[in-house]
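Peer 1: Got a sequence here, can you model it:
(2 chains)
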Number of protein chains: 2
Amino acid sequence: MGISRNQLEKMRQRLAGRAPGPGVEAEAGGAHGHGFLRDGAILLGIDPSLRGTGFGMIRVRRRDVEALDYGVIACPRNWSRSRCLGEIQKQMTMIVARQRPDCCVFEGLFFAQNLKTALIMGEARGASLAVAGACDVPSYEIAPRKVKQAIVGFGAAQKQAVALMVQRMLKLEAPPGSDASDALALALAFAHSYRGFVAERPSAI
Amino acid sequence: MGISRNQLEKMRQRLAGRAPGPGVEAEAGGAHGHGFLRDGAILLGIDPSLRGTGFGMIRVRRRDVEALDYGVIACPRNWSRSRCLGEIQKQMTMIVARQRPDCCVFEGLFFAQNLKTALIMGEARGASLAVAGACDVPSYEIAPRKVKQAIVGFGAAQKQAVALMVQRMLKLEAPPGSDASDALALALAFAHSYRGFVAERPSAI
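Peer 2: Modelled structure (predicted):
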């Protein structure tokens, strides 16, 4: 798995409710520590990508979190870009219609190698974000580092560590595929931000 | 208007059917010079932007070109990004539904100052492109330089020169606003590419 014993121990402690990670002391008991997320709120995490947009819908209750729907909108290599974006629009519209989320959570500022890559990543993101906007579902973004901090406890965590924590937090039988687990992690990180697990609120987009 | 006498003269010659610009000799009489665009084809040019997406729909007949619909999808400064993208999705869907185009034409590779700008430009483009894909309308792109070459006759033409040529070609009472005229220019350049006015075919996206 590529996860050190020390990292695994930290993850175990987090699952047991100890060592909740950075930000919690500053937030605990603060004005924004609790109460902004309604009990039973439905959150949809989205990890946009032209060929494989991950999505993960969770329901957040006071004492537990439940996975409602997750997966990948897969678009074959031989599809044109516009066909892929059209598929993302159609699938996203159905996902949002099935269980109307209270909000969508996207990954914030990320790394792109060059302008061309940024443009293509932006297109995939725009197709999903437009569906949220057209359905009047508010959208937020969280920086990737903050997501990992919230889920695994350290910002440089590997993908497998995120998938493993997502699996345990949501009591899934197997770790979800990496696109879906990144999306579920976004939704979970958003929920945690309203429980004082991270130092600042996600930004509206 | 910022247009030199020499440029105006070139534009006049183009309107009169002379000096059709680069590419025509290579194409004239070639296998792809004519015939790939059906008579009466409807083309939708789109110039995506978060706050002002220009659109321009034209009908191309053997002997003339007619503007069917053009304008701007305007989104106020105080709207969030997702709300703007949602508005683009909704308006674009209505525009495509009103008069179903045979294809959409976007601006190809363009200049972005940095990754953040490229991402935001990509988002606006993705929202429009997704509508075309979801409606099964094929999309193409043409480089901005090629559009100007096709419309004005030189690749470094100014926006006003483009607007003026668009106005004359479509016999409009006034030059359209710059977003709409760029979109109409895209559609016109696409039509011209099937009449041998440019050296290469637009690429499918």
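Peer 1: C-alpha coordinates for the helix or strand where residue A:54 lies, PDB please?
Peer 2: Per DSSP states H and E, residue A:54 falls inside strand A:52-60. Only the C-alpha atoms of strand A:52-60 are listed here, as PDB (Å, rounded to 0.1, in the frame of the first residue of the first chain):
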ATOM      1  CA  GLY A  52     -13.200   9.900 -15.600                       C
ATOM      2  CA  THR A  53     -15.100  12.400 -13.400                       C
ATOM      3  CA  GLY A  54     -15.400  10.900  -9.900                       C
ATOM      4  CA  PHE A  55     -18.500  11.600  -7.800                       C
ATOM      5  CA  GLY A  56     -19.500  10.700  -4.300                       C
ATOM      6  CA  MET A  57     -22.700  11.600  -2.500                       C
ATOM      7  CA  ILE A  58     -22.900  11.300   1.300                       C
ATOM      8  CA  ARG A  59     -25.500  12.000   4.000                       C
ATOM      9  CA  VAL A  60     -24.100  13.600   7.100                       C
END
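Peer 1: quick check: angle from the longest helix along chain A to strand A:52-60?
Peer 2: Using DSSP state H to define each element, chain A has its longest helix at helix A:115-134. On the basis of axes from the mean of the first three to the mean of the last three Cα atoms, to 10 degrees, helix A:115-134 is oriented at 40 degrees to strand A:52-60.
Peer 1: quick check: mean pLDDT across helix A:115-134?
Peer 2: For helix A:115-134, mean pLDDT rounds to 93.
Peer 1: Could I get the buried residue list for that helix?
Peer 2: For helix A:115-134, a neighbour-count test (16 or more other Cβ atoms under 10 Å in any protein chain shown) marks A:115, A:118-134 as buried. C-beta: built from backbone N, CA, C; applies to glycine.
Peer 1: for stretch A:94-113, same thing?
Peer 2: A:95-96, A:101, A:103-108, A:112.
Peer 1: repeat for stretch A:68-87
Peer 2: Neighbour counts using 16+ other Cβ under 10 Å place A:68, A:70-73, A:75, A:79, A:81-87 of stretch A:68-87 among the buried residues.
Peer 1: Could you export those to a markdown table, including columns for pLDDT and secondary structure?
Peer 2: Shown next, in a markdown table, are the buried residues of stretch A:68-87 (pLDDT from 0 to 100; DSSP: H, G, I helix; E, B strand; the rest coil):
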| residue | pLDDT | secondary structure |
| --- | --- | --- |
| A:68 | 97 | strand |
| A:70 | 97 | strand |
| A:71 | 97 | strand |
| A:72 | 98 | strand |
| A:73 | 98 | strand |
| A:75 | 97 | coil |
| A:79 | 96 | coil |
| A:81 | 95 | helix |
| A:82 | 96 | helix |
| A:83 | 97 | helix |
| A:84 | 97 | helix |
| A:85 | 98 | helix |
| A:86 | 98 | helix |
| A:87 | 98 | helix |
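Peer 1: and the strand holding residue A:54, which strands flank it?
Peer 2: In the sheet, strand A:52-60 lines up against strand A:41-47 (antiparallel), strand A:65-74 (antiparallel) (DSSP bridges).
Peer 1: Go ahead and name everything in contact with stretch A:59-76.
Peer 2: Stretch A:59-76 has contacts (Cβ atoms under 8 Å, 6 or more residues apart in numbering or on different chains) with A:37, A:39-43, A:50-58, A:83-84, A:87-88, A:91-92, A:95, A:98-99, A:169-170, A:172, A:176-177, A:179-180, A:183-184, A:188, A:191.
Peer 1: Give me the buried subset of those residues.
Peer 2: Those of these that meet the buried threshold are A:37, A:41-43, A:50, A:52-58, A:83-84, A:87-88, A:91-92, A:95, A:169-170, A:172, A:176, A:179-180, A:183-184, A:188, A:191, by 16+ other Cβ under 10 Å.
Peer 1: could you dump stretch A:173-183 to PDB, C-alpha only?
Peer 2: Provided in PDB are the C-alpha atoms of stretch A:173-183 (Å, rounded to 0.1, in the frame of the first residue of the first chain):
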ATOM      1  CA  GLU A 173     -16.800  -3.200   1.900                       C
ATOM      2  CA  ALA A 174     -13.900  -2.300  -0.300                       C
ATOM      3  CA  PRO A 175     -12.000   0.900  -0.900                       C
ATOM      4  CA  PRO A 176     -13.600   2.800  -3.800                       C
ATOM      5  CA  GLY A 177     -11.700   3.400  -7.000                       C
ATOM      6  CA  SER A 178      -9.400   6.400  -6.900                       C
ATOM      7  CA  ASP A 179     -11.700   8.800  -8.700                       C
ATOM      8  CA  ALA A 180     -14.700   8.000  -6.600                       C
ATOM      9  CA  SER A 181     -12.700   8.000  -3.400                       C
ATOM     10  CA  ASP A 182     -11.200  11.500  -4.100                       C
ATOM     11  CA  ALA A 183     -14.800  12.700  -4.700                       C
END
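Peer 1: which residues does residue A:147 contact?
Peer 2: So, once contact is read as Cβ under 8 Å, 6+ apart, residue A:147 ends up touching A:107, A:162, A:182, A:185-186, A:189.
Peer 1: Would you mind listing what in chain A touches chain B?
Peer 2: Residues of chain A found near chain B, taking Cβ under 8 Å from any Cβ of the partner chain as the criterion, are A:80-90, A:104, A:109, A:112, A:115-116, A:118-127, A:129-136, A:138-139, A:204-205.
Peer 1: mind checking how far residue A:84 is from residue A:75?
Peer 2: 4 Å (Cβ to Cβ, to the nearest Å).
Peer 1: Same question for residue A:41.
Peer 2: Distance from residue A:41 to residue A:75, by Cβ to Cβ: 30 Å.
Peer 1: All good on my end, thank you.
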